[in-house]
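Asker: Return atomic coordinates for the entry below.
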Amino acid sequence: MTSKRKKQANLPAEPVAGSDLYAKIYAVTRQIPPGEVASYGQVALVAGANSARIVGNAMSNLPNGSKVPWHRVLNSQGKISDRGEGGSDREQQRRLAKEGVYFDGKDRVDFKEVAWTGPPWDWLEENGFDIDLLALKSQGIPRRGSWVRWRL
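Answerer: Take a look at the predicted model:
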């Protein structure tokens, strides 16, 4: 990551798999506190990604040992998404359980209990996110999944 990009985006230097968008996705994901989860779509909206799938790709490109809390991002049903390479979801479930996030008999979390409410407004402003645009974009999204408690 170049110093120009670090200064411009004001984001931590984590792995960038080819774009500033991945850096934004990782920065947003770092804002999800322990014991809470977000959906891929929620992270995508905040980071400015066109789809939740891009967030999934960013997470799959994280190197082993990354400090990005990838395990706190779930699909809109509150489930762990299948791994493209056929990997196990046990590690993700283990990490979430360690933080007090549990799954029901259908392998879903209760978003009403553990949904992330989004990043703080001051963090969004400090990191150059367009709050007005985020508010406009979020208005047209049906409120299900982790959106239940999201404040935008």
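
Asker: Can you tell me, leaving aside adjacent residues, what's nearest to residue 75?
Answerer: residue 81 (4.9 Å; C-beta to C-beta, 6 or more residues apart in numbering). (Each C-beta comes from the backbone N, C-alpha and C, glycine too.)

Asker: For that neighbour, the count of nearby residues, please.
Answerer: 18 (other C-beta atoms under 10 Å).

Asker: what residues are up against it?
Answerer: Residues near residue 81 by C-beta atoms under 8 Å, 6 or more residues apart in numbering: 40, 56, 74, 75.

Asker: Which parts of the protein are helices?
Answerer: Listed in chain order, the helices of the chain (DSSP state H) span 3-9, 20-30, 40-47, 52-60, 90-98, 111-114, 121-126, 131-139.

Asker: Output the contacting helices and strands for the second one.
Answerer: What that stands for is helix 20-30. With contacts taken as 3 or more C-beta pairs under 8 Å, 6 or more residues apart in numbering; DSSP states H and E, helix 20-30 sits against helix 3-9, helix 40-47, helix 52-60.

Asker: Spatially nearest residue to residue 38, not counting backbone neighbours?
Answerer: residue 116 (4.4 Å).

Asker: still on that earlier bit, need the contacts of residue 81 in a markdown table with neighbour count, can you?
Answerer: As requested, those are exported to a markdown table (neighbours: other C-beta atoms under 10 Å):
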| residue | neighbour count |
| --- | --- |
| 40 | 25 |
| 56 | 21 |
| 74 | 26 |
| 75 | 17 |
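
Asker: Among these, which one sits closest to residue 95?
Answerer: The closest of the contacts of residue 81 to residue 95 turns out to be residue 74 (C-beta to C-beta; 11.9 Å).

Asker: Looking at strand pairing, list the partners for residue 39.
Answerer: Residues in a beta bridge with residue 39, per DSSP bridges, are residue 74.

Asker: Tally up the residues packed near it, please.
Answerer: Neighbour number of residue 39 under other C-beta under 10 Å is 24.

Asker: In stretch 119-133, which residues are buried?
Answerer: 119, 124, 129 (16 or more other C-beta atoms under 10 Å).

Asker: Which single one of the residues you listed is nearest to residue 20?
Answerer: For the buried residues of stretch 119-133, the residue nearest residue 20 by C-beta to C-beta is residue 129; the value is 12.5 Å.

Asker: distance of the nearest residue to that closest one once chain neighbours are set aside from residue 127?
Answerer: Sequence neighbours aside, residue 46 is the residue nearest to residue 129 in space, at 7.0 Å (criterion: C-beta to C-beta, 6+ apart). Separation of residue 46 from residue 127 (C-beta to C-beta, to the nearest Å) stands at 10 Å.
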